[in-house]
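S.K.: here is a sequence together with a model predicted from it:
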Amino acid sequence: MPWPRNSLIQGIALLASFAASAAFAAPDAPALYREHCAACHGADRFGESGPALLPENLGRLKPEAAAKVIADGRPASQMQGFADRLSGDEITALAKWIYTPIPIPEWGERQIAASRVVHAKPAELPAKPVHKADPLNLFTVVEIGDHHVTVLDGDRFEPLWRFASRIALHGGAKYSPDGRFVYLGSRDGWVGKYDLYGLKPVLEARVAVNTRNIAVSSDGRWVAAGNGLPPTLAILDADDFSVREVIAVKDDGGTTSRVSAVYDAEPRKSFILALRDIPEIWEVSYRDKSRSDSFPVRRIRLEESIDDFFFDQAYRHLIGASRDGARGQVVDLDAGRKIADVALPGMPHLGSGITFEHEGRQVLATPHIREGAVSIVDMKDWRTIKRIATAGPGFFMRSHENTPYAWTDSFLSPAKKDTLQVIDKRTLEIVRTLTPAPGKTAAHVEFTRDGRYALVSVWEDDGALVVYDAATFAEVKRLAMRKPSGKYNVHNKITRSAGTSH
C-alpha cells in the first residue's frame with residue numbers, strides 16, 4: 001500500500017535533515033589546514049618552513065602514515081603532534097585532504113631566470129669593508145622569529161647589519177671562499193647573495209617552489225640548490241645568478257626524488273647530494289668546469305636512502321643515516337660503494353656531527369634525535385667506542401680545534417630543552433651543565449674564529465644570543481633576538497673547521 005503523501009514528505013525532510021547534520025558534523029579539512037598547518041606548510045601547500053604537502057611530495061608516504069605524523073609529530077623536525085588538539089576524524093580528514101591534487105606551477109630555467117632580482121651591480125660594491133670588524137670573524141645569524149638576518153661582529157659581539165629576509169629561511173648560511181659574500185636559501189626556493197664588505201644585498205633568484213638547502217662551490221663559481229618541488233638540482237652562476245643548469249633528480253627507471261641535502265666537497269671539487277626517495281648518492285663534479293660544460297652526475301647506489309650525512313675531514317668517507325634508521329652507513333666516495341655499517345641506535349643527527357682526535361685516533365661524535373646520548377665512533381674501524389648519556393635527545397653538537405670541549409644541546413627533550421652539556425674531549429665525560437634561560441630552548445652552539453667564545457641560541461621568539469667564555473663557561477654577553485636559529489662564523493666555515501658543519 002502506498003505511503004500517505006504527508007508521511008512521505010516528512011520522511012524525505014527527515015532524511016535531508018540527517019544528511020545536513022552529517023555534512024555539518026564532517027570535519028572541514030581546508031579550514032583545519034588553514035588554522036593549524038598553513039603557517040608552516042604555506043597557504044597553497046607549496047611549503048614554507050615545513051615541506052610542501054602535495055601528492056607529488058607525499059607519494060611514498062601512505063595516508064595512514066601521514067595521519068600518524070599529524071597526530072604524533074615527526075622526529076628531526078619542527079613538526080609537532082596535534083593529537084591533543086584534533087580529533088581522530090579531523091586528523092584523518094587532514095591526512096586525506098593533503099593528497100588532493102592541485103595544479104603545480106612549472107619551475108625550470110625560464111622561471112628561475114625571470115625571477116632574478118639585481119640589488120647591486122659589481123661596480124656598486126666597495127673594494128674593502130665599510131666596517132672595522134674582522135671580516136673573517138663575522139657571524140651570520142638567522143632570526144626566524146621575524147624573518148631577519150643579523151650580521152654580528154665576532155670580536156665585540158655587536159650587530160653590524162640587520163636586514164629583512166625571505167620567509168622560512170634555512171638556517172645554514174654558506175660563504176664564498178674568501179668570506180666576502182654570504183648565500184642564504186629559503187624553504188620556498190629563494191636564494192640570496194649578500195655582501196659582507198658593503199653590508200648590502202646583491203642578488204636574488206627563486207630556484208624552485210620548495211628547496212631543501214644550498215651549497216657554494218669551493219672555487220666560488222657556482223651555487224647549487226637541492227629542491228623538493230620540483231625534484232631538481234639547480235645550479236646558478238655565483239657572479240650574476242644566471243641559470244647554469246637544472247638537473248632533474250630521478251633514477252634510471254624515471255622515479256623522481258626530493259633532495260634531502262646538498263653539500264660542497266671541497267677536496268673533491270664536487271657537490272654531494274643525498275636523495276630522500278631513492279637509494280642513491282649523487283656526486284656532481286665542477287672540477288675544471290667551463291661556463292659552457294654540463295655537470296656530470298656520478299651515481300652511487302645504496303641499499304637504502306639516507307636523509308642526512310657527514311664527511312670525514314678528507315672528504316673520502318661519507319657517513320649517512322636515514323630518518324627512520326637506527327644505524328649509519330659509511331660510503332667510500334672514491335670506491336663508490338658502502339664499506340661499513342655504524343651502530344647508532346636512537347637516530348643520529350649526523351648533519352650535526354663533529355670530529356676530533358682522541359687518544360691518537362680520529363673520532364666522530366654525534367647527538368641522537370630519539371635518545372639522550374652522544375655516540376663516539378672510531379673513524380678507522382667504525383666501532384662505537386662510547387655512548388655518553390645526556391640530559392635528553394639533541395640536535396646540535398659543536399666544538400673547535402682550540403678548545404678541549406664539545407658542547408651539545410637537548411633540543412628535542414620536552415623536560416630538558418633548556419639544557420646544554422659540555423663534554424671533555426680528552427676524557428669523554430660531561431664536565432659542565434648550563435641553562436642559558438630556564439624553561440626556554442637552548443640550541444646551536446657556534447664558536448668564534450679563535451675558539452675563545454661559544455655563542456648559544458635561546459631559540460624562542462623572545463629569545464637571545466648568549467655569549468660564553470669557552471674556557472670558564474662564564475656568560476660574557478646577551479643580545480636580545482627573535483628566535484635565533486642558525487649562526488655561522490665565516491672563518492670556521494670557509495676553513496672547514498672540524499668542530500662545525502660544512
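M.R.: Alright, I've got the coordinates. Numbering: from 1, shown residues only.
S.K.: and the helices in the stretch 351-500 of the chain?
M.R.: Remark: helices assigned in the stretch 351-500 of the chain by DSSP state H, counting those that start in this stretch are 490-494.
S.K.: same check on the stretch 101-250 of the chain?
M.R.: 109-115.
S.K.: how close does the residue minimising distance to the centre of the chain get to L184?
M.R.: By Cα atoms, centre = their mean, the mean C-alpha position of the chain lies nearest to H170, the distance being 6.0 Å. Remark: distance between H170 and L184 (Cβ to Cβ, to the nearest Å) = 7 Å. Using the backbone N, CA and C atoms, a C-beta is placed for each residue, glycine as well.
S.K.: can you check E35 too?
M.R.: 30 Å.
S.K.: ok, those two, which is more surrounded?
M.R.: L184 (23 against 12; other Cβ atoms under 10 Å).
S.K.: and the closest residue to R299 other than its chain neighbours, bridged to which residues?
M.R.: Excluding the flanking residues, the one nearest R299 by Cβ to Cβ, 6 or more residues apart in numbering is E280, at 5.3 Å. Beta-bridge partners recorded for E280 (DSSP bridges): R301.
S.K.: next, count neighbours for E280.
M.R.: Neighbour number of E280 under other Cβ under 10 Å is 20.
S.K.: tell me the contacts of it?
M.R.: 251, 257, 299-302, 305 (Cβ atoms under 8 Å, 6 or more residues apart in numbering).
S.K.: repeat that for 7 Å
M.R.: Counting by Cβ atoms under 7 Å, 6 or more residues apart in numbering, E280 makes contact with 251, 299-302.
S.K.: thought K493 was touching Y175?
M.R.: Yes: if you go by Cβ atoms under 7 Å, K493 and Y175 touch, sitting 5.3 Å apart.
S.K.: one step back: gap between the residue nearest to the centre of the chain and G50?
M.R.: When distance is defined by Cβ to Cβ, H170 is 12 Å away from G50.
S.K.: what does G328 give?
M.R.: Distance of G328 to G50, computed by Cβ to Cβ: 26 Å.
S.K.: okay, those two: which has more neighbours?
M.R.: Each of G328 and G50 had its neighbours counted (other Cβ under 10 Å), and the higher figure belongs to G328 (27 against 19).
S.K.: and the pLDDT at the closest residue in space to E303 that isn't next to it in sequence?
M.R.: Excluding its sequence neighbours, the residue lying closest to E303 (Cβ to Cβ, 6+ apart) is P279, at 6.3 Å. You'll see P279 listed with a pLDDT of 94.
S.K.: swap in P393?
M.R.: Per-residue pLDDT puts P393 at 94.
S.K.: for it, what are phi and psi?
M.R.: Main-chain dihedrals, P393, degrees, to the nearest 10: phi -60, psi 140.
S.K.: how close does the residue lying closest to it once chain neighbours are set aside sit to G47?
M.R.: Setting aside the residues directly before and after it, P393 is nearest to L412 in space (Cβ to Cβ, 6+ apart), at 4.0 Å. With distances taken as Cβ to Cβ, L412 is found 22 Å from G47.
S.K.: shaky segments in this structure?
M.R.: Counting by pLDDT under 70, the chain shows low-confidence ranges at 1-25, 48-49, 56-57, 59-60, 75-78, 291-292, 323-325.
S.K.: and the strands in the stretch 301-450 of the chain?
M.R.: 308-311, 317-321, 327-332, 337-343, 354-358, 361-367, 373-378, 384-389, 397-398, 405-409, 420-424, 429-434, 442-447 (DSSP state E, counting those that start in this stretch).
S.K.: let me know the angle separating the fourth one from strand 373-378.
M.R.: Calculated by axes from the mean of the first three to the mean of the last three Cα atoms, to 10 degrees, strand 337-343 forms an angle of 130 degrees with strand 373-378.
S.K.: give me the packing partners of strand 337-343, helices and strands only.
M.R.: Using 3 or more Cβ pairs under 7 Å, 6 or more residues apart in numbering; DSSP states H and E, the elements in contact with strand 337-343 are strand 327-332.
S.K.: strand partners (parallel or antiparallel) of the strand it packs on?
M.R.: Sheet pairing for strand 327-332, using DSSP bridges, gives strand 317-321 (antiparallel), strand 337-343 (antiparallel).
S.K.: out of these, which gets nearest to I98?
M.R.: strand 317-321 (26.4 Å; Cβ to Cβ).
S.K.: of the strands paired with strand 327-332, which is nearest K417?
M.R.: Across the strands paired with strand 327-332, closest to K417 is strand 317-321 (Cβ to Cβ), at 22.4 Å.
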